[in-house]
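Colleague: Please work out how this folds:
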Amino acid sequence: MVDWCAAFEDAGLLFSVNIFSNSPTRISVNPRKVYCIDHALVASVSSGILTNRDSLLENLVFTALRRVTPEIFYHKTQTGREVDLVALLPALGQERAIMLVQVCASLADSRVKQSEVRSLSEAMVELAVTEGTIVTWRTDETIPVGFGTIQVVPVWRFLLEMEP
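Modeller: Reported below is the predicted structural model:
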């Protein structure tokens with residue numbers, strides 16, 4: 001039987017992302033997230049139920065990060081909260097920088113904003129990262145948290161800053 005997902009990855013149409021962990025067991029038991037290189041393809045083959053603005057925005061952010069580094073993961077905090085993307089950026093010296101990115105179409109709902117900030121701030125503490133990023137369609141804001149700051153940026157700015 002053909003593993004279609006692997007074939008599409010080999011062809012460069014799909015990318016899969018593992019959980020960020022040093023444990024081979026944890027990596028093997030957690031699901032992989034899948035992203036598509038072509039956003040229009042995602043929209044054309046998916047039903048309206050499966051494709052929404054959040055998932056298309058996350059796919060767009062992933063492909064921008066993928067141009068900078070192939071080492072992209074997702075993270076689950078100790079409390080079970082998920083951070084969408086963890087990118088290991090090219091080294092600027094001895095240590096590689098870790099970039100934590102949450103993707104959310106809008107932070108207008110205070111419950112959504114609280115959830116996104118909490119997930120990201122927990123991951124910042126666990127991974128000892130002092131800055132996190134939330135990418136939205138339009139919001140531009142800086143949120144101080146206990147361990148550092150979270151930059152909320154509109155997608156257009158994020159894409160411009162991610163140029164290789």
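Colleague: can you pull out the strands in this protein?
Modeller: Secondary structure of the chain by DSSP state E: the strands cover 14-17, 33-36, 72-76, 82-88, 98-103, 131-136, 141-145, 148-154.
Colleague: just the angle between the last one and strand 141-145, please?
Modeller: Per axes from the mean of the first three to the mean of the last three CA atoms, to 10 degrees, the angle that strand 148-154 makes with strand 141-145 is 160 degrees.
Colleague: So which other helices or strands are in contact with strand 148-154?
Modeller: Counting contacts by 3 or more CB pairs under 8 Å, 6 or more residues apart in numbering; DSSP states H and E, strand 148-154 is packed against helix 110-127, strand 131-136, strand 141-145. Yep, even glycine has a C-beta here, placed from its N, CA and C like the rest.
Colleague: closest one to Val61 among those?
Modeller: Smallest distance to Val61 across those (CB to CB): 5.2 Å, for strand 131-136.
Colleague: what's that closest one in contact with?
Modeller: Strand 131-136 has contacts (CB atoms under 8 Å, 6 or more residues apart in numbering) with 57, 61, 83, 99-107, 116-117, 120-121, 123-124, 145, 148-155, 158.
Colleague: Would you list the buried entries among these?
Modeller: Buried subset of those (neighbour count, 16 or more other CB atoms under 10 Å): 57, 61, 83, 99-105, 107, 116-117, 120-121, 123-124, 145, 148, 150-153, 155, 158.
Colleague: pLDDT weak spots in this protein?
Modeller: 1-2, 42-43, 45-52, 92-94, 164 (pLDDT under 70).
Colleague: Now for the most centrally placed residue in it: which residues touch it?
Modeller: Taking CA atoms, centre = their mean, the centroid of the chain lies closest to Leu85, which sits 2.3 Å from it. Counting by CB under 8 Å, 6+ apart, Leu85 makes contact with 17, 58, 61-62, 65, 72-74, 99-103.
Colleague: got JSON lines for these, with distance to Ile134 too?
Modeller: JSON lines is the format used below for the contacts of Leu85 (distance: CB to CB, whole Å):
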{"residue": "Val17", "distance to Ile134": "18"}
{"residue": "Glu58", "distance to Ile134": "12"}
{"residue": "Val61", "distance to Ile134": "10"}
{"residue": "Phe62", "distance to Ile134": "15"}
{"residue": "Leu65", "distance to Ile134": "14"}
{"residue": "Ile72", "distance to Ile134": "17"}
{"residue": "Phe73", "distance to Ile134": "18"}
{"residue": "Tyr74", "distance to Ile134": "15"}
{"residue": "Met99", "distance to Ile134": "12"}
{"residue": "Leu100", "distance to Ile134": "10"}
{"residue": "Val101", "distance to Ile134": "8"}
{"residue": "Gln102", "distance to Ile134": "5"}
{"residue": "Val103", "distance to Ile134": "8"}
